[in-house]
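**Student:** Next come a sequence and a model predicted from it.
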Amino acid sequence: MFGFTYISAFSFVVFLVIGMYTLCKNRNKSAVMFYFALLLISISFWCLGNYQADAALTGDSQILWSNVALIAAYFGSALHICFSYALRGQPVLKKSAFYLIISLCTIPLLFAGIGSYHSPVISYTQPGTVELGFLALVYLLFFFVTTIHTIIILLSGFAQLSDNKKSQIIWVLSGLMVMKIGAVFFSIILPLLGHVEYYSATPLASYAALFCIAVAITKHEFLEFKMIIQRGAIYIVLFGFFSILSLLLVSLFTQLFSQMQWIGNYLGIVLTVLLGLWLLPIADVLLRKITNGWFFKEQYDYFEASSQLFTICQKEVRVKNIINEYLACIQSIIPHQYSAIFSHQQNRLISTQATVSFTEDVSLSLQELVGQPDSVDNISKKLQLSESLACVFPILFDGKPVALLLLGNKKSEEKHSSQDLMLIRHSTEPLAVALEKAHLYDLQISQSQKLEDEVSKRTATIKNLQEAQEKTMLDISHSLQTPLTILSMESQALPHKAQLIIGKTVAQISHSIKDILHLARLEQVEDGNNNHAVVNLSALCELLTEYFSEPITNGNFNATCDIADDCFILGHYEQIEEVLVNLIENAIKYMPEQEVKNINFQLEKKEDQAIITISDNGLGIPVDEQKHVFDRFFRSTRNAHIPGTGLGLAICHEIIQNHHGDITVSSSDNETIFSVTLPLHKMS
């Protein structure tokens, strides 16, 4: 065993314990801490491989542990990339996949003997040596590529970072670079100069990286690194104690059972395990109590306190609830005399005791006071606080102040410790996000309520207008129908020809009034699906073609009919019937006297729609008039001589719209086509 070999053995324990403890205590699921822990674990296995390779007594064992060290080195370099991406807040696995896959591929290759170390030389005066394999040479390239890539990741956009983030990057980069340079010096340069005994001193450079990253995390991240150092030191001491105890017990029992030493070995190990199971929890608690005075003056669990505050910021959605819960949690963690939060957005001071609003806008003057000398006293006077303040924390969102956290002295009259201040300062970041989200939520609720009130008012106004319109239409109808009835009765005394003219005119006016009322009622339908029922459209079309068969035959029309089966829709049977009757009657009504008179009626299914087409070769509609066909009182210039109200197609259009369908027209000199599209109803 050689001097620096013990460094590898000790480093294996140190890095493994700290890495595993960090991994287990990463309660906030921080990607930075997760990959930092994995990096420490990979370093520990690299140390283990070096230690076992130096202590190997056979060539196969030396090659095996040299391969383990090489695999750990590959993963260590890949995890540098992962840790750097996590530190910059970028997706890790997606961007580091290439390096991780290469590292994974080395495992089967090395253990299959492909590219592995070979030609081991065992020496008892200096560390053994092995010949480098292909994968060891590739690692040199891998090492330099990952080093350059790490620097690029950490320094990209460096000028735009905040001062805190810049400081963090500098610490991390310094630690990683010291470790990389140390690895090159001890693992490559000195062995090339013939000093292979210094190879096992390479882990010394890793302590620099551990220290620098620890400083960066302690100063700038949501994790208290002192606790990890404390627990790591405790577990290392316990590991050393039980290792020595095991050696002593094994030595004792092997002397007692000198004829059967294997019994002594097993008894020593078993007794060590039993003593460990009994003494380990007791020793752990005892050492924590002893070292708490060195590491912490406070007794609360930093991780648990951070988790509680973070959970409150994530759970609550209203501003007052967030502030009250947050302040109550701070009070339970750090008992203090007074705490409150001044909201810049709402211009009021909120505490667990009371909420005070300010008539004047004090937000701007408070922002100017923050960071100035005697700012705590000045802010206390500005807010007219009777309680004394110990410290003030600005709560910033995207660099802009949204609130101030005011904290009084501890109830124990002690000063707030650095851990207290760190806990509160770090918790203000998620608090700022939560307050901003809650403020936006309150604005949304307020705007939604205003919009809902406005819609309710408009709806009530429209409903009143519709009711007034319907009443007016009924009054007009009644007022017009009465004189028309009197006029019709009085015309009985006139000559027969005059009676016919007046009767026809009265009937036309009465029909127009009914159509106007009918159209008005259709336009007031609020829900197109109101009182709809399943309508067998195929059966209705069959019935109408049969109904119109006699007038079509008597009028010498050439009629064709094509009706698809099992077409069902949701709607008003009478209204759909009214539309189809109106369209068929128009086709018959506006057909001039000519030799060939064609009318075509078709019902077809297309995907989830029913399409009814009625075409004729009648008068046609000019192109410039087709867009007005469904307007009220519109009459085409080609059929102005034919009696009509100009409301029939407007009524058809309104009915089809209320059934969530569509009605269109296309016309030329030789053909006019009306198409009605309605959504099909699927029968269960």
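**Tutor:** That came through fine. Numbers count the residues shown, from 1 in each chain.
**Student:** all contacts plus neighbour counts: C-alpha atoms, from now on.
**Tutor:** Fine.
**Student:** what about the strands in the chain?
**Tutor:** Along the chain, counting by DSSP state E, strands occupy 118-121, 129-131, 339-343, 348-351, 355-357, 389-397, 400-408, 533-536, 558-563, 568-571, 598-606, 609-616, 662-667, 672-679.
**Student:** Out of these, point me to the one whose mean pLDDT is lowest.
**Tutor:** Least confident of those, judged by mean pLDDT, is strand 355-357 with a mean of 64.
**Student:** low-scoring pLDDT stretches of the stretch 501-650 of the chain, where are they?
**Tutor:** Residue ranges of the stretch 501-650 of the chain with pLDDT under 70: 501-530, 594-595, 638-641, 643-645.
**Student:** switch to 80 and redo it
**Tutor:** Where the stretch 501-650 of the chain drops to pLDDT under 80, the residues are 501-532, 550, 553-556, 589-596, 619, 632-648.
**Student:** show me the contacts for the nearest residue to residue 402 once chain neighbours are set aside.
**Tutor:** Spatial nearest neighbour of residue 402, excluding adjacent residues (CA to CA, 6 or more residues apart in numbering): residue 344 at 5.4 Å. Contact analysis of residue 344 by CA atoms under 8 Å, 6 or more residues apart in numbering lists 363, 401-404.
**Student:** Lowest average confidence across helices and strands of the chain, where is it?
**Tutor:** Ranked by mean pLDDT, DSSP states H and E, the weakest helix or strand in the chain is helix 363-369, scoring a mean of 59.
**Student:** burial count for the closest residue to residue 677 other than its chain neighbours?
**Tutor:** In space, and not counting its chain neighbours, residue 677 is closest to residue 611: 4.6 Å by CA to CA, 6+ apart. Residues near residue 611, counting by other CA atoms under 10 Å, number 21.
**Student:** wait, doesn't residue 611 sit right on residue 568?
**Tutor:** No. Counting by CA atoms under 8 Å, residue 611 sits too far from residue 568 to count as a contact (11.6 Å).
**Student:** Touching, residue 590 and residue 621? I think so.
**Tutor:** No. The criterion here is CA under 8 Å, and residue 590 misses it with residue 621 at 10.5 Å.
**Student:** If you count surrounding residues, which of those two has more?
**Tutor:** residue 621 (21 against 16).
**Student:** And the nearest residue to the more buried one once chain neighbours are set aside, how close does it get to residue 135?
**Tutor:** Leaving aside its sequence neighbours, residue 621 sits nearest to residue 667 (CA to CA, 6+ apart; 5.7 Å). Look at residue 667 and residue 135: by CA to CA, to the nearest Å, they are 81 Å apart.
**Student:** Residue 47 now?
**Tutor:** Counting by CA to CA, the gap from residue 47 to residue 135 is 19 Å.
**Student:** Look up the closest residue to the residue nearest the centre of the chain, ignoring the ones flanking it.
**Tutor:** In the chain, the residue lying closest to the centroid (CA atoms, centre = their mean) is residue 314, at 13.5 Å. Leaving out its chain neighbours, the residue that sits closest to residue 314 by CA to CA, 6+ apart is residue 434, at 6.8 Å.
**Student:** Quick check, that neighbour in contact with residue 311.
**Tutor:** No. Distance between residue 434 and residue 311: 10.5 Å, which falls outside the contact criterion (CA under 8 Å).
**Student:** Settle it for me: which of these two has more neighbours?
**Tutor:** With neighbours defined as other CA under 10 Å, residue 434 and residue 311 compare such that residue 434 has more, 24 against 14.
**Student:** And the pLDDT at the more buried one?
**Tutor:** The model reports residue 434 with a pLDDT of 86.
**Student:** what's it in contact with, if anything?
**Tutor:** 313-314, 316-317, 322.
**Student:** Give the buried subset of the residues you listed as a ChimeraX selection command.
**Tutor:** Applying 16 or more other CA atoms under 10 Å to the contacts of residue 434, the buried members can be selected in ChimeraX as follows:
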select :313,316,317,322
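**Student:** Let's have the contacts of residue 434 in CSV, adding pLDDT and distance to residue 66.
**Tutor:** Formatted as CSV, the contacts of residue 434 follow (pLDDT from 0 to 100; distance: CA to CA, whole Å):
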residue, pLDDT, distance to residue 66
313, 84, 49
314, 83, 48
316, 79, 54
317, 78, 56
322, 85, 56
